[in-house]
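> coords please:
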Amino acid sequence: MAEHIYKVIELVGTSSESWEKAAASVIEETGKHLKDLRIAEVTEMDMQIADGKVAAYRVKVKVSFKYHPQMQP
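Now for the predicted structure:
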């Protein structure tokens, strides 16, 4: 089996509707900028509160993607 290296980054997504939509927005937006996404792990969930109501759902997500080092001349 070939050996691979993966990079892991942590991102925060928000949604006024749900934690699921907040997490999905992280992956959808990250997928526009990085290739070979592999795993996403929600590590923390919280809510922003305003006037006694939920104003936003927030998630911290660790996303891993395949590392493609650029060759040096």
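
> below-threshold pLDDT in the chain: ranges please.
1, 71-73 (pLDDT under 70).

> now with 90, please.
Low-confidence segments of the chain, defined by pLDDT under 90: 1-4, 35, 67-73.

> so where do the strands sit in it?
For the chain, strands defined by DSSP state E occupy the ranges 6-15, 37-50, 53-66.

> can you list those strands in CSV and add mean neighbour count and distance to residue 30?
Any C-beta I mention is one placed from the backbone N, CA and C, and that applies to glycine too. Compiled in CSV, the strands of the chain are given as follows (neighbours: other CB atoms under 10 Å; distance: least, CB to CB, whole Å):
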stretch, mean neighbour count, distance to residue 30
strand 6-15, 14, 7
strand 37-50, 12, 7
strand 53-66, 16, 6
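
> any chance of these in JSON lines with distance to residue 26 as columns?
Formatted as JSON lines, the strands of the chain follow (distance: least, CB to CB, whole Å):
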{"stretch": "strand 6-15", "distance to residue 26": "4"}
{"stretch": "strand 37-50", "distance to residue 26": "7"}
{"stretch": "strand 53-66", "distance to residue 26": "5"}
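
> perfect, I'm done here.
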